[in-house]
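1. Pasting the sequence and the predicted coordinates here, then a few questions.
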Amino acid sequence: MSEVLRAITERSSTRGYKKDKIAPEILEQLIQAGLEAPTAANKQEIHFSVIDGEAAVLQEIEDEKNRGFGLEQAPPNNFYYDAPTVIIISGDKNFSWSELDAGIAVENIAIAAQALGLGSLIIGCVKNALRGEKEAEFAEKLGYPEGYEYKIAIALGYKAVTKEPHTYEYEKQVTIVK
Ligand SMILES: Cc1cc2nc3c(=O)[nH]c(=O)nc-3n(C[C@H](O)[C@H](O)[C@H](O)COP(=O)(O)O)c2cc1C
């Protein structure tokens, strides 16, 4: 099996990380993987906010998420499972392909992380928090370009837990058309 296919097959969501920081040259490769993703019309409009796991803004996002959920008690884990790095991908509110472009980029990063021996978790649960009342405040703190909004996020780090990749129903999900 090719290395790429192996990384795709073996990737799964990581919901527990070691405290170790990601080495700068490894993190750079992950950012490059995002930048190398294709974008509609080669617009390259998506933006990557690369956030240290200890940055205060992550707790602020977590608090806003929990406030929005109306949870009486916060869940035991935060949304990024204490990963040492989180990347938030934002895109142009007025470009209809931005969400898809961000999705392609986040998967590129997830596959690259797997290939480099790291775990990752794609994160959608902060959407309401990042697009709600505090959207402008978070946009500034996260350095989005003007007119951008959160599209998707990914937690990255060394795996402290492992999980089998998900299963799927080939017959239900695939139609071969001849
Ligand atoms: C768009 C998207 C958003 C997701 N958001 C979350 C999330 O907020 N929290 C979480 O724990 N997992 C999240 N996941 C991970 C999925 O739950 C996970 O990919 C799925 O259960 C399949 O498991 P696997 O990634 O281990 O194969 C998200 C995945 C995708 C593709």
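-> Cool, got the structure. Residues are numbered from 1 along each chain as shown.
2. longest strand anywhere in this protein?
-> Longest strand of the chain, by residue count under DSSP state E: strand 148-157.
3. what's that one packed up against?
-> strand 85-92, helix 98-115, strand 119-123, helix 127-131, helix 135-142 (3 or more C-beta pairs under 8 Å, 6 or more residues apart in numbering; DSSP states H and E). Heads up, the C-betas are built off the backbone N, CA and C, glycines and all.
4. mind listing what's buried in the last one?
-> Within helix 135-142, the residues that qualify as buried by neighbour count (16 or more other C-beta atoms under 10 Å) are Phe138, Ala139, Lys141, Leu142.
5. Could you list the residues of the protein in contact with the ligand?
-> Ser12, Ser13, Arg15, Leu121, Ile122, Ile123, Gly124, Cys125, Ile152, Lys163, Pro165, His166 (C-beta under 6 Å from any ligand atom).
6. so what pLDDT did the first one get?
-> What the model reports for Ser12 is a pLDDT of 98.
7. helix or strand for the nearest residue to Asn128 once chain neighbours are set aside, which one?
-> Leaving aside its sequence neighbours, Asn128 sits nearest to Gly68 (C-beta to C-beta, 6 or more residues apart in numbering; 4.9 Å). Gly68 is part of helix 56-69 when elements are defined by DSSP states H and E.
8. Strand 148-157 and that helix, what's the angle between them?
-> 110 degrees (axes from the mean of the first three to the mean of the last three C-alpha atoms, to 10 degrees).
9. what is the rounded mean pLDDT of helix 56-69?
-> For helix 56-69, the per-residue pLDDT averages 92.
10. can you give me how far it is from the chain middle?
-> 16 Å (C-alpha atoms, centre = their mean, to the nearest Å).
11. List the buried residues for stretch 4-12?
-> For stretch 4-12, using 16+ other C-beta under 10 Å, the buried residues are Ala7, Ile8, Arg11, Ser12.
12. One more: stretch 17-29?
-> Tyr17, Ile22, Ile26, Leu27, Gln29.
13. residue contacts, Tyr80?
-> Gly53, Leu58, Val86, Leu121, Ile123, Ala153, Ala155 (C-beta atoms under 8 Å, 6 or more residues apart in numbering).
14. ok, back up a step: dump the buried residues of stretch 17-29 to a markdown table, plus secondary structure and distance to Gln173.
-> Shown next, in a markdown table, are the buried residues of stretch 17-29 (DSSP: H, G, I helix; E, B strand; the rest coil; distance: C-beta to C-beta, whole Å):
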| residue | secondary structure | distance to Gln173 |
| --- | --- | --- |
| Tyr17 | strand | 30 |
| Ile22 | coil | 33 |
| Ile26 | helix | 33 |
| Leu27 | helix | 34 |
| Gln29 | helix | 31 |
